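S.K.: Sharing a sequence plus its predicted fold:
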Amino acid sequence: MPGETFIAIYEIVKRIPMGKVASYGVVAKQLGINPRVVGYALHSNPEPGVIPCHRVVFKDGSLSKGFAFGGEDAQRELLEKEGIRFVSQSKVKSEYILN
DNA sequence: CCGTTGACCAGGC
DNA sequence: GGCCTGGCCAACG
């Protein structure tokens, strides 16, 4: 049973629209918490397929190595399938990042 | 209860 | 551009 903090994080992540991404820091700021806690919450990943955790990236657009399902490769595939383009193997274009 | 652990970030080199 | 460092704080054991 996750704490209320995690629940709030999952609700924010669910609101990220398809074809866009948000940084850990932006999600954290909406709740007034530390960005590291956001990563911690997504790592537990309680609802695979329901929570679009692949739409959360670093502030500079690069992907995390610790993605729970197959690492960066799996995450990149999911994002490309939504029409998101990359500037390098593991970094999305800044234009897709929400504030 | 307390020490450790991160899917982070900003700043410096 | 990359790598290192310190700080951050909820969750876990």
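M.R.: Sure, I can see it. Residues are numbered from 1 along each chain as shown, chains lettered A, B, ... in the order given.
S.K.: hey, what's the most centrally placed residue in chain A bridged with?
M.R.: For chain A, the residue nearest the mean C-alpha position is A:V56 (1.4 Å; CA atoms, centre = their mean). A:V56 forms beta bridges with A:A22, as assigned by DSSP bridges.
S.K.: check contacts around it.
M.R.: Contact analysis of A:V56 by CB atoms under 8 Å, 6 or more residues apart in numbering lists A:13, A:16, A:21-24, A:27, A:38, A:42. No exception for glycine: its C-beta is placed from N, CA and C like everyone else's.
S.K.: Now list the buried members of those.
M.R.: Buried subset of those (neighbour count, 16 or more other CB atoms under 10 Å): A:13, A:16, A:21-24, A:27, A:38, A:42.
S.K.: Would you convert those residues into TSV that also reports distance to DNA strand C?
M.R.: Output for these, formatted as TSV (distance: CB to the nearest atom of the strand, whole Å):
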residue	distance to DNA strand C
A:V13	15
A:I16	20
A:V21	17
A:A22	18
A:S23	13
A:Y24	11
A:V27	13
A:V38	10
A:L42	12
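S.K.: With pLDDT and distance to A:V50 added, can I get these in a markdown table?
M.R.: Formatted as a markdown table, these follow (pLDDT from 0 to 100; distance: CB to CB, whole Å):
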| residue | pLDDT | distance to A:V50 |
| --- | --- | --- |
| A:V13 | 97 | 10 |
| A:I16 | 97 | 13 |
| A:V21 | 97 | 18 |
| A:A22 | 97 | 17 |
| A:S23 | 97 | 21 |
| A:Y24 | 97 | 19 |
| A:V27 | 97 | 16 |
| A:V38 | 96 | 17 |
| A:L42 | 95 | 13 |
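S.K.: quick one: which of these is nearest A:F67?
M.R.: A:L42 (8.8 Å; CB to CB).
S.K.: In a strand, the closest one, correct?
M.R.: No: read with DSSP: H, G, I helix; E, B strand; the rest coil, A:L42 is helix and lies in no strand.
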